[in-house]
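Student: next comes the sequence, and after it the predicted model I'd like to discuss.
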Amino acid sequence: MFVALYTVAAVEAAGPADEAAIRNAWSLYTQQRYVLSADAFEALVRNSSPSSRLYYYAAAANKAAGRLSRAKQLCDYVSRHFSTSPESSYVQKLFPPDGPVGLPEHLKDKSVDELMESEEGRQALMSAVKPGASASIAAAKAAPNTSKKSYAPSKAVVKDTVFSSDMIGIEGAEGITQFDEYPDAGFESVLAAMAMLTRGREILAEMITCPSHQDIYIVRFPNSSSVHTITPAKMEEYGVKDKALWATLIHCAYSECNAINNFEDEMTVLTGSRAEKILAHNTTQSAVAAFIAEAVSKQYPIVCLSADHEPKPKLVMPSHAYTITGYDGASGMVTLRNPHGNNSKRFRLETDPSHKKFEQLNDGMFKMHISLFPTYMREVVRSKI
């Protein structure tokens, strides 16, 4: 039996966890080798400075390995010390705080409302609650359901999937690395757009399966009949090692798609829906704004491609793809992200000190007024998901 002989504590002298080691530990998890995965993450926890991402992964691995006390300890640390991080909400899903105790393992993650939807759930709930509560349960069972919440079953999870939407959301767009050997900012900008949307992350998670529970993954793009078998040898062959394993696998599968020739094809392949495109320089400003605003409001992935020449002053890279992440109709400012992230080149509009036309932000993000689009961007592409 595993016994934790140490507590979760900040390692002052340690540095960030090695990304390759994190990928290897997570690879063990996807192969359902949970004990080895948990041990690998514990080694990283002991020798790396604390981070919400690392501790969440370690908690998930420990829970899967049956080390519930340790997993709860790690979850508690994330909740207390990283309360504003995305992982703070994810750890609550590992151990839902409101679930009744004493339930069978396969029912413990369900809410009371969900338990009441099945006979098995109702019986288990009645057995789990303290004496005296059975009358309330029986009354709830007999009473009509007046809740407005719909309990229609959600879309079935693809068999043998190894990533959840939440897992992909931890790194999000930051998990995608730009590769000089395989330069394709178009694909990377579309992939980032998907990783930044809830439905997009769900689609990405459904693409990747591991039927053999070994270090062999299958990637199938939405609505495609082709499958791509990705192994460690292929990752080395393609020279692809993203920060996130899910991004590495999708990048490798993309490397095998020789039929992808343009921006629209990349959007169509990743979303499974036909892409829509407008040419910014041949379309009215109001039409471009409406095209962007609708995509942002409806949570569609949307990207744009800059002009092949270099307008003055220089504010973007020529013939470069960007992810559109927001639009403020009141100010007319569009928020964009360079897929190079922290390695993006920064720009400044000297004649606009109040940033009403252009504002450089961090992590490859910047804002550009919609009136500048015809000058700096030649096409805008989106897809409904």
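Tutor: Received the coordinates, thanks.
Student: which residue ranges form the helices in the stretch 151-300 of the chain?
Tutor: Using DSSP state H, counting those that start in this stretch, the helices assigned to the stretch 151-300 of the chain run over residues 165-171, 185-195, 198-207, 232-238, 245-255, 263-271, 285-297.
Student: and the contacts of the second one?
Tutor: In this structure, residues lying in contact with helix 185-195 by CB atoms under 8 Å, 6 or more residues apart in numbering are 168-169, 171-173, 175-176, 178, 200-201, 203-204, 247, 250-251, 254, 260, 262-263, 266-267, 270-271, 301-303, 305, 320-325, 337, 339-340, 385. For the C-beta atoms, the positions are set from N, CA and C on the backbone; glycine is no exception.
Student: how's this structure carved up into domains?
Tutor: If you go by automatic domain parsing, the domain ranges for the chain are 19-94, 165-271, 276-382.
Student: could you dump those domains to TSV with distance to residue 120, mean pLDDT and mean neighbour count?
Tutor: Formatted as TSV, the domains of the chain follow (distance: least, CB to CB, whole Å; pLDDT from 0 to 100; neighbours: other CB atoms under 10 Å):
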stretch	distance to residue 120	mean pLDDT	mean neighbour count
domain 19-94	22	88	19
domain 165-271	26	86	19
domain 276-382	35	94	17
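Student: helix or strand for residue 327, which one?
Tutor: Using DSSP states H and E, residue 327 maps to strand 321-328.
Student: for residue 35, give its distance to residue 78.
Tutor: 22 Å (CB to CB, to the nearest Å).
Student: same check, this time on residue 204
Tutor: Residue 204 is 23 Å from residue 78, by CB to CB.
Student: strands of the stretch 101-250 of the chain, start to end?
Tutor: Counting by DSSP state E, counting those that start in this stretch, the stretch 101-250 of the chain has strands at residues 208-209, 217-219, 228-230.
Student: dump the helices of the stretch 151-300 of the chain to TSV, plus distance to residue 52.
Tutor: Formatted as TSV, these follow (distance: least, CB to CB, whole Å):
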stretch	distance to residue 52
helix 165-171	8
helix 185-195	18
helix 198-207	18
helix 232-238	26
helix 245-255	18
helix 263-271	27
helix 285-297	27
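Student: of the ones you listed, give the one that comes closest to residue 89.
Tutor: helix 165-171 (8.4 Å; CB to CB).
Student: one step back: quick one: which of the helices of the stretch 151-300 of the chain is nearest residue 82?
Tutor: That would be helix 165-171 among the helices of the stretch 151-300 of the chain, by CB to CB, at 11.6 Å.
Student: centre of the chain to that closest one, how far?
Tutor: 4 Å (CA atoms, centre = their mean, to the nearest Å).
Student: for that helix, packing partners?
Tutor: Contact here means 3 or more CB pairs under 8 Å, 6 or more residues apart in numbering; DSSP states H and E; on that basis helix 165-171 packs against helix 52-64, helix 86-94, helix 185-195, helix 198-207, helix 245-255.
Student: quick one: the helices in the stretch 1-150 of the chain?
Tutor: Taking DSSP H, counting those that start in this stretch as the criterion, the stretch 1-150 of the chain carries its helices at 19-30, 34-47, 52-64, 68-81, 86-94, 112-115, 119-128, 134-142.
Student: so which of the ones you listed comes closest to residue 330?
Tutor: Short answer: helix 86-94, nearest of these by CB to CB, at 28.0 Å.
Student: and the angle from that closest one to helix 68-81?
Tutor: 140 degrees (axes from the mean of the first three to the mean of the last three CA atoms, to 10 degrees).
Student: what sits up against helix 86-94?
Tutor: Applying CB under 8 Å, 6+ apart, the contact partners of helix 86-94 are 52-53, 55-56, 59-60, 63, 71, 74-75, 78-79, 82, 109, 166, 169-170.
Student: just the angle between that helix and helix 52-64, please?
Tutor: 10 degrees.
Student: for residue 379, which of the helices of the stretch 151-300 of the chain is the nearest?
Tutor: Of all the helices of the stretch 151-300 of the chain, helix 263-271 comes closest under CB to CB, at 6.8 Å.
Student: show me what that closest one is packed up against.
Tutor: helix 185-195, helix 198-207, strand 302-306, strand 377-382.
Student: what about 10 Å?
Tutor: Counting contacts by 3 or more CB pairs under 10 Å, 6 or more residues apart in numbering; DSSP states H and E, helix 263-271 packs against helix 185-195, helix 198-207, helix 245-255, strand 276-279, strand 302-306, strand 377-382.
Student: possible to save these as TSV with distance to residue 24?
Tutor: Listed next are these as TSV, based on distance: least, CB to CB, whole Å:
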stretch	distance to residue 24
helix 185-195	22
helix 198-207	20
helix 245-255	9
strand 276-279	40
strand 302-306	32
strand 377-382	36
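Student: and those: which comes nearest residue 222?
Tutor: Going by CB to CB, the one of the helices and strands packed on helix 263-271 nearest residue 222 is helix 198-207, 6.0 Å.
Student: distance from the chain centre to the closest one, please.
Tutor: 8 Å.
Student: and it with helix 245-255, angle?
Tutor: 70 degrees.
Student: and residue 382, how far from residue 294?
Tutor: For residue 382 relative to residue 294 (CB to CB), the value is 8 Å.
Student: what does residue 257 give?
Tutor: In terms of CB to CB, residue 257 sits 28 Å off from residue 294.
Student: which of the helices of the stretch 151-300 of the chain sits closest to residue 373?
Tutor: Using CB to CB, the helices of the stretch 151-300 of the chain put helix 285-297 closest to residue 373, at 5.6 Å.
Student: residues in contact with that closest one: which ones?
Tutor: Residues from elsewhere that reach helix 285-297, judged by CB atoms under 10 Å, 6 or more residues apart in numbering: 193, 276-281, 283-284, 300-304, 324-329, 332, 334-335, 369-374, 377, 380-384.
Student: please export the C-alpha coordinates of that helix as PDB.
Tutor: Presented in PDB, the C-alpha positions along helix 285-297 are these (Å, rounded to 0.1, in the frame of the first residue of the first chain):
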ATOM      1  CA  GLN A 285     -16.200  47.400 -42.500                       C
ATOM      2  CA  SER A 286     -19.700  46.900 -41.000                       C
ATOM      3  CA  ALA A 287     -19.900  43.400 -42.700                       C
ATOM      4  CA  VAL A 288     -16.500  42.400 -41.400                       C
ATOM      5  CA  ALA A 289     -17.500  43.600 -37.900                       C
ATOM      6  CA  ALA A 290     -20.800  41.700 -38.100                       C
ATOM      7  CA  PHE A 291     -19.000  38.500 -39.300                       C
ATOM      8  CA  ILE A 292     -16.500  38.700 -36.300                       C
ATOM      9  CA  ALA A 293     -19.100  39.700 -33.700                       C
ATOM     10  CA  GLU A 294     -21.400  36.800 -34.600                       C
ATOM     11  CA  ALA A 295     -18.600  34.300 -34.300                       C
ATOM     12  CA  VAL A 296     -17.500  35.700 -31.000                       C
ATOM     13  CA  SER A 297     -21.000  35.900 -29.500                       C
END
